[in-house]
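Undergrad: the sequence isn't on hand, but the structure is:
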Ligand code: ASP
């Protein structure tokens, strides 16, 4: 596509090495380093995901270690959780909306700023794969609802029943006492956001979810919204979110984290600042959860959450690492 070629040609990414000015923050630093272009060696490939999805990062690592692209790595990693019927907030087996329909949201973004998303899509097992098709096969960024589903069939995806017996029974139980109120997200998490850097130093990200359990029909959270649930800037880094999507959308959370890294914050500092920003707009509330993870161009990672108990997973040459994080509201 013309638009994509334009983005490709204008990308500032280089293979293996980047110039320090690209990740330097304040103007003076940029000017100083530009005069003396010092090279920073990129770290080896790495994959990082929200929560403790070790099968997802392991799958992403399989792709990366064989020299595959970060885009393939994040897609394949995300697909592991989408296919896992035991994960009740992603893909097949996800919790339904309050009317009993499973509706899925996902987005994907590559090193050139290309992106694709599907919103509120039913009956398709791998929304992240459809999001990638939106990115690669259409001139659009987002397809929603029936249109997204129709597009998926045109692309050869099969119709699948996403509602497992377990999720159905739980939904029927919920209906007895809930008065139709969606569950405010504290324990109802497990959205997967996954970020990767490949051997060329290029960054991609993916995010996929069935969203808030028993939500209003048609509700869409942050996860398929570029800038909210996911953002990638190949010069700087990437971030992704999990938790109450409405709060992440309000603050354009993942974009904020990447911009904070652009200003010189480490991924950890940027995630902490993003969470604090959200909390400052929710004075007195502690009944919801937001977690961010981030990675910068050097391969440094970070994660932070409002509530305790948030963890993120990395996979690099050193193998699996589970990274429990600090929280804003102490247990
Ligand atoms: N962020 C997702 C949403 O609001 C849910 C989650 O991460 O738990 O749809």
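TA: All right, it came through fine. Treat the numbers as computed from the prediction; the structure is a model and nothing was measured.

Undergrad: can stretch 194-203 be said to contact the ligand?
TA: No: applying Cβ under 6 Å from any ligand atom, one finds stretch 194-203 out of contact with the ligand, separated by at least 12.8 Å. (Glycine included, C-beta is placed from N, CA and C.)

Undergrad: that stretch: end-to-end distance?
TA: Distance across stretch 194-203, first residue to last, is 11 Å (Cα to Cα, to the nearest Å).

Undergrad: residue 257 in helix, strand or coil?
TA: Judged by DSSP: H, G, I helix; E, B strand; the rest coil, the three-state class of residue 257 is helix.

Undergrad: state the pLDDT value of the nearest residue in space to residue 311 that is not next to it in sequence.
TA: Nearest residue to residue 311, sequence neighbours excluded (Cβ to Cβ, 6 or more residues apart in numbering): residue 324, at 4.7 Å. Looking at residue 324, its pLDDT reads 92.

Undergrad: give me the phi and psi angles of residue 324.
TA: For residue 324, the backbone dihedrals are phi -60, psi 150 (criterion: degrees, to the nearest 10).

Undergrad: wait, it touches residue 308, no?
TA: No: under the criterion of Cβ atoms under 8 Å, residue 324 makes no contact with residue 308, lying 9.2 Å away.

Undergrad: how far away is the residue of the stretch 1-150 of the chain found nearest the ligand from residue 242?
TA: Distances between the stretch 1-150 of the chain and the ligand by Cβ to the nearest ligand atom are smallest at residue 89, namely 5.6 Å. Taking Cβ to Cβ, to the nearest Å as the measure, residue 89 and residue 242 are separated by 9 Å.

Undergrad: then residue 146?
TA: For residue 146, the distance to residue 242 equals 27 Å [Cβ to Cβ].

Undergrad: between the two, which is the more surrounded one?
TA: Set side by side, residue 146 and residue 242 show unequal neighbour counts under other Cβ atoms under 10 Å, the larger going to residue 242 at 31 against 11.

Undergrad: SS state for that one?
TA: Using three-state DSSP, the three-state assignment for residue 242 comes out as strand.

Undergrad: got a pLDDT number for it?
TA: According to the prediction, residue 242 has pLDDT 95.

Undergrad: close to the ligand: what parts of this protein are there?
TA: Where the chain comes near the ligand, counting by Cβ under 6 Å from any ligand atom, the residues are 89, 185, 189, 191, 209, 211-212, 221-223, 242-245.

Undergrad: now, the residues you listed that are in strands?
TA: Secondary structure from DSSP state E places 209, 242, 243 of the residues of the chain next to the ligand in strands.

Undergrad: could you dump those residues to TSV with distance to residue 81?
TA: Conversion of these to TSV gives the following (distance: Cβ to Cβ, whole Å):
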residue	distance to residue 81
209	9
242	12
243	16
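
Undergrad: I'd say the residue of the stretch 1-150 of the chain closest to the ligand and residue 102 touch.
TA: No: taking Cβ under 8 Å as the definition, residue 89 is not a contact partner of residue 102, at 10.5 Å.

Undergrad: list the residues that contact both of these two?
TA: The contact sets of residue 89 and residue 102 overlap at 95, 210 (Cβ atoms under 8 Å, 6 or more residues apart in numbering).
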